[in-house]
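> got a predicted structure plus its sequence, pasted below:
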Amino acid sequence: MKWTRKLLAGPYLIWMAGFILIPLGLIFYYGLTDSSGAFTLENIMAITDPQRANSLWRALKLALISTVICLAAAYPLAMILKRIAKNRSSLIVFIFVLPMWMNFLLRTMAWQVLLDRNGVINNVLGFFHLPRLNIINTQTAIIFGMVYNFLPFMVLPLYNVLMKIGNDVVEAAYDLGATKVQTFFHVILPLSVPGIISGITMVFVPALTTFVISNLLGGGMILLIGNVIEQEFTFTSNWHLGSGLSLVLMVFILISMALIAKYDKEGEGGAF
Amino acid sequence: MKDVLIDLRNITKSFDGTMVLDDLNLSVKENEFVTLLGPSGCGKTTTLRIIGGFVTPDQGQVIFEGKDITSLPPNKRPVNTVFQKYALFPHMDVAENIAFGLRIKGKSKQYIRDKISYALKLVNLDGYEHRQVTSLSGGQQQRIAIARAIVNEPRVLLLDEPLGALDLKLRQDMQYELIRLKNELGITFIYVTHDQEEALTMSDTIVVMNQGYIQQMGTPEDIYNEPENAFVADFIGDSNLLDGMMIEDKLVEVLGARFACVDTGFGTMQPVDVVIRPEDVELVSPGEGTIDGVVSHLIFKGVHYEMEVTARGFEWLVHSTACFPVGTEVGIRVDPFNIQIMNKPVDDDEKAVGNGEMD
Ligand SMILES: Nc1ncnc2c1ncn2[C@@H]1O[C@H](COP(=O)(O)OP(=O)(O)OP(=O)(O)O)[C@@H](O)[C@H]1O
Ligand SMILES: [Mg+2]
């Protein structure tokens, strides 16, 4: 009995070993060795190089800005979706998620075409004699791409958590004298913290590590840490350096997760 | 005479074209325990939500102490609600839940602390301040919900089937707790239930509703002993509901036999509804009663035996402390005082309206 149960876990163990543990182990191995296979911290310390440090700093900044914009845009949107869904039309939610089913690369490339100096948007603006939009190949364009691509990942967890908040607690708050605004800050917002946390995680991490968006909308001029690492693996084929920088990035992700988790704990019960 | 606190005047409400409340009038006096009683879907919750301010009536007014509060939002009304599903705030502990309304009103820390411990004592949950509400049992959560409402010192407490989710024993305990609370606090309770026993136990006044109409309003004794129509008689307690013919004053014909009764003023040779409570049916030796029958079912119910007696094609429900085995031939006798005569409803509309509510 016990033995067969263990057997059932087999496929998952193999999956974990094959696709999580072994790659992670390899990253650690490459990151902490040089080309001769000897132990070194050089690949890690490479981050102190000003250009790389800058790319990390830039990535952190852009990811943070995108996450904040996503949160600010997604929260009202999720509240609206909840209201609509109550009138039993999940179609809107469906339409909203639909772009996620299209290839990420295609969508971003489409924006490259749209935002181009001679692209569709500028043609339309020019037609109406409006000032042209020169955001392609800027940090703004990258933020735009990040927000566009990752917004659904913020909306969905928020929508889910808001849907779970019963109308009864909201009514209870009104009943006890709270205004709509007070009800939002004392009841709805604290109860949606788990959705906010997972939304932030799901936007911040991919935004921090992306290299595709910065490549396509930054014109290859604006390097994020993701681009730097990618180049080490592709152009220079320096797997050791690439892995070392990946480890550094991983540490930064862990730190941000820990910060969020800590805030989550402090936020609990702090309704007033 | 106590003052009228809440007055519902000509309240009409429909949802999606379906009439839920039709020209409802209801007065609640200060310090009264009023129960809205009726079958599922009859509009009890809707009535309560109109008083609480969560539903706006299509027509009619909600008057509170002479002031029209029909368009006042829930947070501005001097009433508090205990919701059926408790609706406690899961992200707050017990004390924070109870403090919610007081903090909104900006009361001092000391005041709030005193109120919390006072309320917890009142609901017998002393020392539960820092428990998570999700870790409490249903009955405890219910009591916290009550505590959370009463610390705001509402003039009226609205309770929507607050004991619906509890088991029988706990429900009975809580019924006594609620009566005690009401007496200690001296506030008006408007209580919704579809459990007639609960209504009879707790209320000063029972409002029996059906299909959005008030069928009868009165003390528990009135409602039970003097039901005004067949619906009320049938809904409150068990009863034998028979078609009858009023021969003359104080004489009614049922199943072809003539029973003496005490009612007058129904005219002569008028069809009427006749209600006889099962505990009012006396079983005697065959031939000694008004009609004869045979015991067809027998169940022991603890306090009494419940029997069914087939007599002249009707299954009489009988409660008696004496036991008559199945197959026993018996006579049926009813004290004239225990025969309740009611007018037959003329049409469907009147059937729902019942007596007294027509203008
Ligand atoms: N928000 C609403 N939208 C549509 N119909 C509603 C709404 N609220 C109530 N109803 C309908 O109004 C009728 C009365 O509902 P109400 O909740 O007042 O009944 P109730 O007497 O409380 O019944 P129960 O004992 O089952 O709780 C029902 O037919 C219900 O379907
Ligand atoms: Mg109800």
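That came through, no problem. Numbers count the residues shown, from 1 in each chain, chains lettered A, B, ... in the order given. Ligands and ions are numbered 1, 2, ... in the order given.
> near ligand 1, which residues of chain B are found?
B:15-16, B:20, B:38, B:40-46, B:194 (CB under 6 Å from any ligand atom). C-beta: built from backbone N, CA, C; applies to glycine.
> quick one: low-confidence ranges for the stretch 1-150 of chain A?
Within the stretch 1-150 of chain A, the stretches with pLDDT under 70 are A:1-2, A:87-90.
> if I pick the residue nearest to A:Ile188 when sequence neighbours are not counted, what's in contact with it?
Nearest non-adjacent residue to A:Ile188, counting by CB to CB, 6 or more residues apart in numbering or on different chains: A:Ile165, 6.2 Å away. A:Ile165 sits next to A:187-188, A:191-192 when contact means CB atoms under 8 Å, 6 or more residues apart in numbering or on different chains.
> repeat that for 7 Å
With contact set as CB atoms under 7 Å, 6 or more residues apart in numbering or on different chains, A:Ile165 has these partners: A:188, A:191-192.
> and B:Thr12, how far from B:Leu36?
From B:Thr12 across to B:Leu36, the span is 17 Å (CB to CB, to the nearest Å).
> more neighbours, these two?
A count of neighbours by other CB atoms under 10 Å in any protein chain shown puts B:Leu36 above the other of B:Thr12 and B:Leu36, at 26 against 15.
> give me the element that one is part of.
strand B:33-37 (DSSP states H and E).
> so the helix or strand just after that strand versus strand B:33-37, what angle?
On the C-terminal side of strand B:33-37, the closest following helix or strand by DSSP H and E is helix B:44-52. Orientation of helix B:44-52 against strand B:33-37 (axes from the mean of the first three to the mean of the last three CA atoms, to 10 degrees) gives an angle of 140 degrees.
> hmm, helix B:44-52 touching chain A?
Yes. Using CB under 7 Å from any CB of the partner chain, helix B:44-52 reaches chain A at B:Gly52.
> so which elements touch that helix?
strand B:4-15, strand B:18-29, strand B:33-37, strand B:79-82, strand B:156-160, strand B:188-193 (3 or more CB pairs under 7 Å, 6 or more residues apart in numbering or on different chains; DSSP states H and E).
> can you list the strands that the fifth one pairs with?
Partner strands and pairing direction for strand B:156-160 (DSSP bridges) are strand B:79-82 (parallel), strand B:188-193 (parallel).
> using CSV, write out every CA atom in that strand.
Output in CSV follows, covering the C-alpha atoms of strand B:156-160 (Å, rounded to 0.1, in the frame of the first residue of the first chain):
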residue,chain,number,x,y,z
VAL,B,156,-33.5,48.1,16.2
LEU,B,157,-31.7,44.8,15.7
LEU,B,158,-32.6,42.9,12.5
LEU,B,159,-32.0,39.2,12.6
ASP,B,160,-32.3,37.1,9.4
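> need the residue closest to the centroid of the chain.
By default, I'm working from chain A. A:Val203 (1.9 Å; CA atoms, centre = their mean).
> if you could check chain B rather than the one you did, that'd help
Nearest residue to the geometric centre of chain B (CA atoms, centre = their mean): B:Leu37, 3.3 Å.
> next one: phi and psi at the residue nearest to A:Ile188?
Main-chain torsions, A:Ile165, degrees, to the nearest 10: phi -80, psi 120.
> per-residue pLDDT, it?
If you check A:Ile165, the pLDDT there is 93.
> and the strands in the stretch 101-250 of chain B?
Applying DSSP state E, counting those that start in this stretch to the stretch 101-250 of chain B gives strands spanning B:156-160, B:188-193, B:205-210, B:213-218, B:240-248.
> so what's the residue nearest to the centre of chain A closest to, chain neighbours aside?
Closest residue to A:Val203 apart from its sequence neighbours, by CB to CB, 6+ apart: A:Phe150 at 4.3 Å.
> which strands and helices sit next to the helix or strand hosting that neighbour?
Assigning secondary structure by DSSP H and E places A:Phe150 in helix A:139-164. Judged by 3+ CB pairs under 7 Å, 6+ apart, the packing partners of helix A:139-164 are helix A:50-86, helix A:91-97, helix A:104-115, helix A:193-209, helix A:212-217.
> which residues touch the third one?
In other words, helix A:104-115. Residues contacting helix A:104-115 (CB under 7 Å, 6+ apart): A:99, A:119-121, A:135-136, A:141, A:145, A:148-149, A:212-213, A:216-217.
> compute the inter-axis angle for it and helix A:193-209.
Using the same axes, to 10 degrees, helix A:104-115 lies at 70 degrees relative to helix A:193-209.
> send me helix A:104-115 as PDB with only the CA atoms.
Provided in PDB are the C-alpha atoms of helix A:104-115 (Å, rounded to 0.1, in the frame of the first residue of the first chain):
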ATOM      1  CA  PHE A 104       3.700  36.500 -26.700                       C
ATOM      2  CA  LEU A 105       6.400  37.300 -29.300                       C
ATOM      3  CA  LEU A 106       3.900  38.000 -32.000                       C
ATOM      4  CA  ARG A 107       2.000  40.500 -29.800                       C
ATOM      5  CA  THR A 108       5.200  42.300 -28.800                       C
ATOM      6  CA  MET A 109       6.300  42.400 -32.400                       C
ATOM      7  CA  ALA A 110       2.900  43.800 -33.400                       C
ATOM      8  CA  TRP A 111       3.500  46.700 -30.900                       C
ATOM      9  CA  GLN A 112       6.900  47.200 -32.500                       C
ATOM     10  CA  VAL A 113       5.200  47.900 -35.800                       C
ATOM     11  CA  LEU A 114       2.400  50.000 -34.200                       C
ATOM     12  CA  LEU A 115       4.700  52.200 -32.200                       C
END
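> these two touch, right, B:Tyr224 and B:Gly237?
Yes. Between B:Tyr224 and B:Gly237 there is a contact at 6.0 Å, judged by CB atoms under 7 Å.
> list the contacts for B:Val62?
Contacts of B:Val62 were listed using CB under 7 Å, 6+ apart, and they are B:8, B:50-51, B:69-70.
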